[in-house]
Each structure stands twice: as structure tokens, then as C-alpha cells.
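S.K.: No sequence on hand, only this structure:
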């Protein structure tokens, strides 16, 4: 039986927690930073949980992680 392949792009962007939830980085932080307040940029530093609808697909793309 062949092994499943991991989607490398997905494995670099998302992380599956021990409980099975999917972590993602927050959006809107890459560019145009001068137009955003300090508070907003500081709050965008952390990670967020992906929606349950999307996380099912992501878990299929990263079967071993």
C-alpha cells in the first residue's frame, strides 16, 4: 500500500495542534504596515485557529502531521 503524500505548501503554512485543531497565521500583516496602528500590528503577531470547515481539508492535505 503506498503512502499518502503531504502537501508541502500546506504543511509550511499550517500546524495541527494536539487536540486536532489547525493553527494559522493572522492575515493583513505582510505589507502596507504604515497605514495600520501599533496596536493593530501587535495584535496581528500571534496565530489564530482556522475555521472548522477549512480545517478538515487541511488535515487531509497533511496526513502525518
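M.R.: It's in. Keep in mind that this is a model prediction, so the values were computed, not measured. Residues are numbered from 1 along each chain as shown.

S.K.: For this protein, which segments count as strands?
M.R.: Using DSSP state E, the strands assigned to the chain run over residues 15-16, 22-25, 47-49.

S.K.: Low-confidence ranges, the chain, go.
M.R.: By pLDDT under 70, the chain has no low-scoring segment.

S.K.: picking up where we left off before, want to try JSON lines for the strands of the chain, with distance to residue 61 as columns?
M.R.: Placement of C-beta: from N, CA and C, glycine included. Listed next are the strands of the chain as JSON lines, based on distance: least, C-beta to C-beta, whole Å:
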{"stretch": "strand 15-16", "distance to residue 61": "11"}
{"stretch": "strand 22-25", "distance to residue 61": "10"}
{"stretch": "strand 47-49", "distance to residue 61": "17"}
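
S.K.: got a list of what the residue nearest the centre of the chain touches?
M.R.: Against the mean C-alpha coordinate of the chain, by C-alpha atoms, centre = their mean, the closest residue is residue 24 at 2.1 Å. By C-beta atoms under 8 Å, 6 or more residues apart in numbering, the contact set of residue 24 is 13, 14, 47, 48, 49, 50.

S.K.: re the thing from before, for residue 58, find the nearest of the strands of the chain.
M.R.: Comparison of the strands of the chain against residue 58 by C-beta to C-beta identifies strand 22-25 as nearest, at 5.1 Å.
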